[in-house]
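S.K.: Below are the sequence and a predicted model for it; my questions follow.
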Amino acid sequence: MPWDPVKLNSGHEMPTIAFGTWKLGNGDGPISQVDQAINVGFSHIDTAQAYRNEAEAGKAIQESGLGRSDVFITTKYSGSNGLDIKTSINNSLHNLGVSYIDLYLIHSPTLAVPDIPTAWREMEAIKEQGLVKSIGVSNFGVKDLSILLDSAKVPPAANQILLHPYVYAAQAPIISFAQEHNIVIEAYSALIPLTSRPGGPVDRPVNEISERLNVAPEQVLLAWVKSKGAVAVTTSSKQDRLERYLAAGDISLTNEDIAAIDAAGAKGVGLNQYWNVKSVLIFATFLILALVGLNMILRRRRPKAHRYHAIE
């Protein structure tokens, strides 16, 4: 079966392709786009406090008519409004209109305050209370994960990171470390070589594979993500693209295909040229905090959101 679910170290299963709401904003737009993704066949919705659209995602999920167990929900602690993890998870449950979250992530290691071990104990506590099924992290490097694991009673189930061919060489140590410790890697922005950096070395092998297999280039990149054992977190407002994303689960790349994409990625503008891992984390944190600040401003201006009934 395409995009077979992966079993997390928590014992729960997670769909290996997710519809992400990062750039959807709020209002009616994300409601209709999440609804479209669910109708197309996505059963994993990925959001975050900082995206300011948990309530919209929740409304679409509730209006889909699906049972709670039929939709896997990931959201993230982004430090919104300076609130702690315990308060924030309850706000997310209210916004999403659900009684539990399937996967709850710390959005960045710099948001683990006052330190990673203390923040992780708070994550373990909300899991023990049944508010979340699985807990994990996002944008954590090897050093961050090592600090966490040294004191953790419950290991992180997942680490969601930037992953595409141009950053693969730099992110490989994180992927390897995660595999050694049974932590699932989730890949966001996998389509950057097509959407933001067209014309680079990766184009050639991707296009050649695309023509040979009679599939779209974006499907090749998603198949590449799958070949790395990672969960794909992606998005689009176009129904036909979403359908292609799901169909990419049926694509099997050869070892030669994967090696060609890896080699081309290493030749391109990679993480080591423009970004090191630390600067990516700093940028990610800056973006999260900027979104949180914007959320606080807009919250003062807009009317109180409607309360949605929880679904089990």
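M.R.: Ah, there it is.
S.K.: residues contacting residue 254?
M.R.: Residue 254 makes no contacts at all, as judged by Cβ atoms under 8 Å, 6 or more residues apart in numbering. Every residue, glycine included, has its C-beta placed from N, CA and C.
S.K.: Report the next helix or strand after whichever strand or helix holds residue 222 in sequence order.
M.R.: Assigned by DSSP states H and E, residue 222 falls within helix 217-227. Of the helices and strands lying after helix 217-227 in sequence (DSSP H and E), the nearest is strand 231-234.
S.K.: hmm, back to that, what helices and strands are in contact with the helix holding residue 222?
M.R.: The contact analysis (3 or more Cβ pairs under 8 Å, 6 or more residues apart in numbering; DSSP states H and E) places helix 217-227 against helix 192-195, helix 203-213, strand 231-234, helix 239-247, helix 255-267.
S.K.: Next, the angle from that helix to helix 203-213.
M.R.: Angle of helix 217-227 versus helix 203-213, following axes from the mean of the first three to the mean of the last three Cα atoms, to 10 degrees, is 100 degrees.
S.K.: how far is helix 217-227 from where the chain is centred?
M.R.: 16 Å (Cα atoms, centre = their mean, to the nearest Å).
S.K.: what's the answer for stretch 210-223, then?
M.R.: With Cα atoms, centre = their mean as the basis, stretch 210-223 stands 22 Å off its chain's centre.
S.K.: can you give me the end-to-end distance of it?
M.R.: Stretch 210-223 has an end-to-end distance of 11 Å (Cα to Cα, to the nearest Å).
S.K.: quick one: low-confidence parts of the stretch 1-150 of the chain?
M.R.: The model of the stretch 1-150 of the chain has pLDDT under 70 over residues 1.
S.K.: all helices of it, in order?
M.R.: Per DSSP state H, counting those that start in this stretch, the stretch 1-150 of the chain carries helices over the ranges 28-40, 54-63, 85-96, 116-128, 142-151.
S.K.: any idea which of those is most buried?
M.R.: helix 54-63 (a mean of 23; mean count of other Cβ atoms under 10 Å).
S.K.: For it, which helices and strands make contact with it?
M.R.: Packing partners of helix 54-63 (3+ Cβ pairs under 8 Å, 6+ apart): helix 28-40, strand 72-77, helix 85-96.
S.K.: can you redo the ones you listed as CSV with distance to residue 151?
M.R.: Putting the helices and strands packed on helix 54-63 into CSV (distance: least, Cβ to Cβ, whole Å) gives the following:
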stretch, distance to residue 151
helix 28-40, 36
strand 72-77, 18
helix 85-96, 16
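S.K.: How about the contacts made by residue 74?
M.R.: Neighbouring residues of residue 74 by Cβ under 8 Å, 6+ apart: 18, 44, 45, 46, 47, 101, 102, 103, 104, 105.
S.K.: Please repeat the previous calculation with a cut-off of 6 Å.
M.R.: 46, 103 (Cβ atoms under 6 Å, 6 or more residues apart in numbering).
S.K.: ok, what's across the strand from it?
M.R.: residue 46, residue 103 (DSSP bridges).
S.K.: re earlier: which one of the helices and strands packed on helix 54-63 lies nearest to residue 13?
M.R.: For residue 13, the closest of the helices and strands packed on helix 54-63 is strand 72-77, at 8.2 Å, according to Cβ to Cβ.
S.K.: could you dump the closest one to CSV, C-alpha only?
M.R.: Extracted as CSV, the C-alpha positions of strand 72-77 are listed here (Å, rounded to 0.1, in the frame of the first residue of the first chain):
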residue,chain,number,x,y,z
PHE,A,72,-4.1,11.8,12.8
ILE,A,73,-3.5,15.4,14.2
THR,A,74,0.0,16.8,14.8
THR,A,75,0.4,20.2,16.4
LYS,A,76,3.3,22.0,18.0
TYR,A,77,4.2,24.0,21.1
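S.K.: picking that back up, would you turn the helices and strands packed on helix 217-227 into JSON lines with distance to residue 97?
M.R.: Below are these laid out as JSON lines (distance: least, Cβ to Cβ, whole Å):
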{"stretch": "helix 192-195", "distance to residue 97": "32"}
{"stretch": "helix 203-213", "distance to residue 97": "40"}
{"stretch": "strand 231-234", "distance to residue 97": "22"}
{"stretch": "helix 239-247", "distance to residue 97": "23"}
{"stretch": "helix 255-267", "distance to residue 97": "40"}
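S.K.: quick one, which of those is nearest to residue 39?
M.R.: Nearest of the helices and strands packed on helix 217-227 (Cβ to Cβ): helix 239-247, 8.4 Å.
S.K.: Compute the inter-axis angle for the closest one and helix 217-227.
M.R.: Taking the same axes, to 10 degrees, one finds helix 239-247 and helix 217-227 inclined to each other by 30 degrees.
S.K.: Could you list every helix and strand in contact with helix 239-247?
M.R.: Packing partners of helix 239-247 (3 or more Cβ pairs under 6 Å, 6 or more residues apart in numbering; DSSP states H and E): helix 28-40.
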